[in-house]
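Enquirer: what's the 3D shape of this:
(one chain, ligands or ions: 1)
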Amino acid sequence: MIIDLRSDTVTLPSPAMREAMYRAELGDDVYGEDPTINRLQELAAQRTGKEAALFVPSGTMGNTAAILAHAGRGEAVMVGNQSHIYHYEVGGASTVGGSPMYVVPTDAKGMLDLHQVEVGISDGSDEHTAPTALLCIENTHNRCGGAVLHVEQIEALARLAHAHGVKVHMDGARIFNAATALGVPVSTLAQPVDSMMFCLSKGLSAPVGSMLVGSREFIFKAHRMRKLLGGGMRQAGVLAAAGIVALEQMVERLAEDHENCKRFAFGLADFPQIDVDVDRVVTNIVNFSVRNARQERLTDAETMQFLAKAREHGVLMGTTGEGTIRAVTHYGLAADDITAALTGIRRALIDMQIA
Ligand SMILES: Cc1ncc(COP(=O)(O)O)c(C=O)c1O
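Expert: You can find the predicted model right below:
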């Protein structure tokens, strides 16, 4: 049996989602006539406490459309040096939007350095610098092991940006995980920011789709940018139907993924050759590293070897580079699977002769 811990994007739709997809009422969404998409958009706006929402095919398109809607060509977008937007979205803000990315440091818990944000904001009065239009933040933070930004941190960042006339976009791909970990409604976390993207296709287990939320004016602009990016879909209500089930039925169970992740992290901590900070595991992602026989962190080549061995023993995981291994818990994995995954990892360590 394979236990796939590479990402929560590997989740398959629930039986209720498949049923809802089969029965979905459809229309042409480019004409705004797909009743299921319209219902999902209303529900997303309502859940996040924003005026309006837009269904987009992916998180990457949602973030890119948001950046294009907020920042004009030649206007700078500030991003964290560990952010998904900076690392993994093909530089869309710059390549498609014409916005230079100004990069600020991120601490281990996904928080941006407030001082660096402040000194990095340009009001455009100096002709050498691109004026800053937008600050992007990420919650939960993918590369920082699913770390959560608290509402006070989001407020501090938004207050600072807004004081300089800069808008704030939150990459909330896993915002429902953040809300679950903090025990607050998603609307509380979304309140300080001008726009947010969240994914239906990760922990919430829908097969496809993300949402952009914000003011009516922002969504109007983002709608045009979605069209520009090729994201105007037609009878996409078949996908939105699963999204509605995701929001109505899959949020409460996220706590189970967090418990499984914590259990997995504690199991990893029992291996003398594995370094993991269990206190950092607050949602469904755990980052860890393995030491070789020389007591050094695995090199990239050794990491690939370890991942291949783990795969041979039925456990799939990924790496974010420099010997960091990432595992993500999700719908479809039970406590027993966590035990089995730990057994697979023990065998991989033995094969590598570092157990
Ligand atoms: C934090 C974060 N933002 C954005 C995305 C992009 O989502 P998608 O894969 O749907 O484009 C991801 C995907 O893993 C992510 O982890």
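
Enquirer: how much space between the nearest residue to Phe218 once chain neighbours are set aside and Leu54?
Expert: Nearest residue to Phe218, sequence neighbours excluded (CB to CB, 6 or more residues apart in numbering): Ser195, at 5.4 Å. Every C-beta, even on glycine, is put in place using the N, C-alpha and C of the backbone. The spacing between Ser195 and Leu54, counted by CB to CB, to the nearest Å, is 10 Å.

Enquirer: who touches both of these two?
Expert: 212-213, 222 (CB atoms under 8 Å, 6 or more residues apart in numbering).

Enquirer: and which of the residues you listed is nearest Asp257?
Expert: Comparing the shared contacts of Ser195 and Leu54 against Asp257 with CB to CB picks out Val213 as the nearest, at 22.8 Å.

Enquirer: so the closest one sits in a strand?
Expert: Yes. Secondary structure of Val213 (DSSP: H, G, I helix; E, B strand; the rest coil): part of a strand.

Enquirer: Surely Gly120 touches Thr129?
Expert: No. Judged on CB atoms under 8 Å, Gly120 makes no contact with Thr129 at a distance of 9.6 Å.

Enquirer: Give me the buried positions along the host helix or strand of Ala265.
Expert: Assessed by DSSP states H and E, Ala265 sits inside helix 254-269. Within helix 254-269, the residues that count as buried by 16 or more other CB atoms under 10 Å are 254, 256-258, 260-265, 267-268.

Enquirer: Who are the packing partners of that helix?
Expert: With contacts taken as 3 or more CB pairs under 8 Å, 6 or more residues apart in numbering; DSSP states H and E, helix 254-269 sits against helix 175-182, strand 285-290, strand 324-328, helix 335-351.

Enquirer: Sheet-wise, list the partners of the shortest one with their directions.
Expert: To tie it back to what came earlier, the one meant is strand 324-328. Under the criterion DSSP bridges, strand 324-328 sits next to strand 285-290 (antiparallel), strand 318-321 (antiparallel) in its sheet.

Enquirer: Of those, give the one that comes closest to Gly80.
Expert: That would be, of the strands paired with strand 324-328 and by CB to CB, strand 318-321, which comes in at 14.3 Å.

Enquirer: Can you pull out the residues in contact with that closest one?
Expert: 6-7, 143, 287, 300, 303-304, 307, 325-327.

Enquirer: which bits of the stretch 1-150 of the chain sit near the ligand?
Expert: Within the stretch 1-150 of the chain, the positions adjacent to the ligand are 58-60, 63, 84, 138, 142 by CB under 6 Å from any ligand atom.

Enquirer: From those residues, which land in helices?
Expert: Counting by DSSP state H, these place 59-60, 63, 84 in helices.

Enquirer: Same list, the residues you listed, but as JSON lines with pLDDT please.
Expert: Below are these laid out as JSON lines (pLDDT from 0 to 100):
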{"residue": "Gly59", "pLDDT": "98"}
{"residue": "Thr60", "pLDDT": "98"}
{"residue": "Asn63", "pLDDT": "98"}
{"residue": "His84", "pLDDT": "98"}
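
Enquirer: quick one: which of those residues is nearest to Ile274?
Expert: His84 (25.4 Å).

Enquirer: and that closest one, what is it in contact with?
Expert: 59, 63, 138, 142-143, 171, 173.

Enquirer: Let's have those residues in JSON lines, adding distance to Ala206.
Expert: Shown next, in JSON lines, are these (distance: CB to CB, whole Å):
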{"residue": "Gly59", "distance to Ala206": "12"}
{"residue": "Asn63", "distance to Ala206": "18"}
{"residue": "Glu138", "distance to Ala206": "20"}
{"residue": "Asn142", "distance to Ala206": "18"}
{"residue": "Arg143", "distance to Ala206": "23"}
{"residue": "Asp171", "distance to Ala206": "18"}
{"residue": "Ala173", "distance to Ala206": "13"}
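
Enquirer: where do the helices sit along this structure?
Expert: 15-23, 35-48, 59-70, 84-88, 92-95, 114-120, 151-163, 175-182, 186-190, 216-228, 237-249, 254-269, 300-312, 335-351.

Enquirer: Deepest-packed of those helices, please.
Expert: Mean neighbour count (mean count of other CB atoms under 10 Å) peaks for helix 59-70 among those, with a mean of 27.

Enquirer: on contacts alone, who are the packing partners of it?
Expert: Looks like helix 59-70 contacts strand 52-56, helix 84-88, helix 92-95, strand 132-138, strand 167-171, strand 195-199, strand 210-214, helix 216-228 (3+ CB pairs under 8 Å, 6+ apart).

Enquirer: would you turn those into a markdown table with distance to Leu26?
Expert: Formatted as a markdown table, those follow (distance: least, CB to CB, whole Å):
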| stretch | distance to Leu26 |
| --- | --- |
| strand 52-56 | 13 |
| helix 84-88 | 31 |
| helix 92-95 | 29 |
| strand 132-138 | 34 |
| strand 167-171 | 30 |
| strand 195-199 | 22 |
| strand 210-214 | 19 |
| helix 216-228 | 19 |
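
Enquirer: Which among those is found nearest to Gly237?
Expert: Once the helices and strands packed on helix 59-70 are compared by CB to CB, strand 52-56 is nearest, at 9.2 Å.

Enquirer: Tell me the residue of the stretch 151-300 of the chain that sits nearest the ligand?
Expert: Per CB to the nearest ligand atom, Ala173 is where the stretch 151-300 of the chain lies closest to the ligand, at 3.4 Å.

Enquirer: how close does that residue get to Leu212?
Expert: According to CB to CB, Ala173 and Leu212 sit 12 Å apart.

Enquirer: quick one: common contacting residues for the two?
Expert: Here Ala173 and Leu212 share the contacting residues Met197, scored by CB under 8 Å, 6+ apart.
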